[in-house]
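**Student:** this one's structure only:
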């Protein structure tokens, strides 16, 4: 396509790590590609714009947020008609709109391009819905082979383990025994996978359960290996609260005998051919999630075990959280009004603190949903949270003209317009001074950056630190502020009414998704055949093969080959 039009194609991917992986593979294949995300450095962005200007960029792999917050990049891409806009993991454009509105927004802002949606877990019958979200008219729909007969699928019913509060000691003891029963089973599968030089993924519902399970597995695996012999597997925790995720991903992809206990964060884009076992420790919340996660197993074509421990009570707490997540109209009105009133003079930037949401009876875990609602009703687009203040002292380098001229434009503005006047005050010579990001974002060049402004301020601060002009006091801890770009004038009452209605519809859809998962895991019948009916190609509907391996088609003795507790 690039050879015909000289226009770069755009691949939108919802995961930063997956985007970097795609860009690396494209470059290895001889395609000039660059990845763009919120974590891209200023140098990366300058290089990208230069390649675009010189017409040397063939493919841009970007996150939806990076495109939505870069008006100049969008203009440059839309000025050149042609090329392809591809959507990786396209089912998320339909499934994740309630908490990540930038997905559909990015789809609408890229214009004049052919469109290609790629996914391996879109349910049959949802093609038209996805095409509408992505702005595709009369699309050609193709489904490849879905069934994988090398996967041994097992749904293991069990009594509920965690349904607090426990009403008596007997219930607590029963829950503890059931937990130990699952840990013992998983330990055997881990040791067996290590003998085959394979890796294991274990999915759990929450970060707390991940931490508890990692601690229990490290101890039980060590005891099991000491008893039966063999190499000791490495057990890692993985969730959004860790900053070592990249190291875990590398170890998982390159080494044998690695066990990752994770939330849903370790899913899309994770590629490792020798995954021998995937365990859902407490079930899956949706069928799309289940299909994506078991799809990590057996990519080398060898047999792989996919076990899901299931009990209906597992979803009771999730159901309560969903039912209580409706945003009331009065809370929506208060939040939208706060955003409108706090907009910076002469600009489109507004700010919200997470603590402010508690004033409107909004739980912190609903922050992403609230921010997505603001975007979906056309009020504001949220940017990346950043500390609202900073503390610095003078560095060892004098601020002569040569040093200042070598700074980036934002760093020069931050130094000359905001920090120098503070250091020159009689009361603060060579002492610490504090800068307010929200005040700095009211002046150029940060004013025109909208929701990217706070991040740009901290990047400029790093530039000043590298130049030796200031020293940042990292012992000070400041709360984060969420910057928002106003999307235009709005009627607060009408926007609040629409936001409350969308919130109610989202809750209804989430409960329906949860019910569908419960019904699937509770029903009898071949697991493979039922998955084919939901996700398979037309030729796989009603398919029955002799080599299907699931908890319905085979007994436990035949299915769970290998050691058991």
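**Tutor:** Yep, that arrived. Since the structure is predicted, the reported quantities are computational estimates derived from the model, not experimental observations.
**Student:** all helices for the stretch 51-200 of the chain, in order.
**Tutor:** 64-68, 71-79, 92-95, 102-109, 127-133, 169-195 (DSSP state H, counting those that start in this stretch).
**Student:** which parts of the fifth one count as buried, going by neighbours?
**Tutor:** This points to helix 127-133. Across helix 127-133, burial judged by 16 or more other Cβ atoms under 10 Å covers 130-131, 133. (Glycine included, C-beta is placed from N, CA and C.)
**Student:** next: the longest one.
**Tutor:** Of the residues in helix 169-195, those buried by neighbour count under the rule 16+ other Cβ under 10 Å are 175, 178-179, 182-183, 185-195.
**Student:** which of the three states applies to residue 277?
**Tutor:** strand (DSSP: H, G, I helix; E, B strand; the rest coil).
**Student:** got a list of what it touches?
**Tutor:** Shown in contact with residue 277 (Cβ atoms under 8 Å, 6 or more residues apart in numbering): 189-190, 192-193, 198, 200-201, 297, 304-307.
**Student:** bridging residues for it?
**Tutor:** Residue 277 has these beta-bridge partners by DSSP bridges: residue 200, residue 305.
**Student:** kindly provide the distance from it to residue 106.
**Tutor:** To residue 106, residue 277 is 36 Å away according to Cβ to Cβ, to the nearest Å.
**Student:** swap in residue 342?
**Tutor:** Applying Cβ to Cβ to residue 342 and residue 106 gives a distance of 26 Å.
**Student:** same check, this time on residue 84
**Tutor:** As for residue 84, its distance to residue 106 is 15 Å (criterion: Cβ to Cβ).
**Student:** give me the more crowded residue out of the two.
**Tutor:** Taking neighbours as other Cβ atoms under 10 Å, residue 84 and residue 106 compare with residue 106 leading, 23 against 17.
**Student:** the more buried one reaches residue 69, doesn't it?
**Tutor:** No. With contact defined as Cβ atoms under 8 Å, residue 106 does not reach residue 69; the gap is 10.0 Å.
**Student:** can you map out the helices along the stretch 201-350 of the chain?
**Tutor:** Going by DSSP H, counting those that start in this stretch, the stretch 201-350 of the chain shows helices at 207-228, 245-254, 287-294, 314-323, 329-341.
**Student:** before we move on, the earlier item: any idea which of the contacts of residue 277 is the one closest to residue 142?
**Tutor:** For the contacts of residue 277, the minimum distance to residue 142 (Cβ to Cβ) is 24.4 Å, reached by residue 297.
**Student:** thinking that closest one is in contact with residue 307, fair?
**Tutor:** No. Between residue 297 and residue 307 there is no contact, the gap being 10.2 Å when judged by Cβ under 8 Å.
**Student:** quick check: neighbours shared by those two?
**Tutor:** 277-278.
**Student:** out of those two, which sits in the more crowded spot?
**Tutor:** A side-by-side neighbour count of residue 297 and residue 307, using other Cβ under 10 Å, places residue 297 first with 28 against 24.
**Student:** pull the contacting residues for the more buried one.
**Tutor:** Residue 297 is in contact with 151, 201, 275-278, 304-306, counting by Cβ under 8 Å, 6+ apart.
**Student:** swap the cut-off to 6 Å and go again
**Tutor:** For residue 297, the contact set (Cβ atoms under 6 Å, 6 or more residues apart in numbering) comprises 151, 275, 278, 304, 306.
**Student:** residue 225 touches residue 233, doesn't it?
**Tutor:** No. Using Cβ atoms under 6 Å, residue 225 makes no contact with residue 233, being 7.8 Å away.
**Student:** between these two, who's got more neighbours?
**Tutor:** A count of neighbours by other Cβ under 10 Å puts residue 233 above the other of residue 225 and residue 233, at 24 against 17.
**Student:** low-confidence ranges, the stretch 351-500 of the chain, go.
**Tutor:** 399, 426-430 (pLDDT under 70).
**Student:** fine by me, thanks again.
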